[in-house]
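[1] Predicted model and sequence below, questions to follow.
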Amino acid sequence: MSSAVIIPALNEEASIGRVVVAVREHVGRVVVVDNGSTDATAKVARAAGAHVVHQQERGYGAACLRGIEELAKDPPDVVVFVDGDFSDHPDDVVEVRAPVLRGDADLVIGSRVRGTRERGALTPQQVFGNWLATTLIRLRWNVAFTDLGPLRAVRWTTLMQMQMTDRNYGWTVEMQIKAARDGVRCLEVPVRYRRRIGKSKVSGTVKGTIMAGVIILRTIAQHALR
Ligand SMILES: Nc1nc2c(ncn2[C@@H]2O[C@H](COP(=O)(O)OP(=O)(O)OP(=O)(O)O)[C@@H](O)[C@H]2O)c(=O)[nH]1
Ligand SMILES: [Mg+2]
């Protein structure tokens, strides 16, 4: 079975090279989606061996969708999503992908809650937000996740059936809602998580935290009421 990795990246020149090199030890095909970076992210990613594509429209989901569009030209069997800020341990890609390769699951979420975290890697607001979101998913769709972690693996055919649409921070929760709603075989595996390299854009800022929280809860509400 073939695998590919999608890494959305916005101004991650300090970390993206290390992420790409480490991930490529496990998966040869790495697509970095440069989300309009104003630094050397694209150049560093290319030098590290990634295939770099561009998405001008800002937003985590918009970047992921662009990566999928690129892979669709020659679809892999499994897609793994990894953040570009070195918070995820690139070696955990192996653990997260394994159940899909074995045929035991179609979506695997790397859970930072079940795994070990460097102190301060997840803010108290993130821990609470994750708990709230996963609790709402369990109450509404009866599937128990513990995290909305960015490190995840999904079978290509499953991803296509999901018809993902969110262009922002609702991306991770949308995928889990659709998986729960449609009875996709899901698993969680513990993953490690550490403090990011470079400047925090979302969880470490008041604006980012509120925006992500609002978008995540709105996404849950929209699907729950359907
Ligand atoms: N903030 C942000 N990140 C993006 C965007 N597009 C792609 N990314 C990338 O998506 C990944 C996750 O974003 P992060 O900024 O790390 O979000 P976070 O982990 O919630 O919070 P911090 O690490 O504290 O900033 C990183 O690899 C970003 O570079 C975007 O439009 N906004
Ligand atoms: Mg981060």
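    Now that the structure is in, tell me what you want to look at. Numbers count the residues shown, from 1 in each chain. Ligands and ions are numbered 1, 2, ... in the order given.

[2] Would you mind listing what in the protein touches ligand 2?
    Within the chain, the positions adjacent to ligand 2 are 85, 87, 196 by CB under 5 Å from the ion. Using the backbone N, CA and C atoms, a C-beta is placed for each residue, glycine as well.

[3] Find the nearest non-adjacent residue to the residue nearest the centre of the chain, please.
    The chain has residue 150 as the residue nearest its centroid, 2.9 Å off, counting by CA atoms, centre = their mean. Of all residues not flanking residue 150 in the chain, residue 83 sits nearest, at 4.6 Å (CB to CB, 6 or more residues apart in numbering).

[4] Contact partners for that neighbour?
    7-8, 19, 150-151, 196 (CB atoms under 8 Å, 6 or more residues apart in numbering).

[5] likewise residue 84?
    Residue 84 touches 7-10, 12, 15-16, 19, 32, 41, counting by CB under 8 Å, 6+ apart.

[6] Need the phi and psi values for it.
    phi -90, psi 0 (degrees, to the nearest 10).

[7] My read is that residue 172 contacts residue 147, right?
    No. Counting by CB atoms under 8 Å, residue 172 stays clear of residue 147, with 9.1 Å between them.

[8] show me what contacts residue 104?
    With CB under 8 Å, 6+ apart, residue 104 has these contacts: 185, 187.

[9] Need the pLDDT of it.
    Reported pLDDT at residue 104 in the predicted model: 98.
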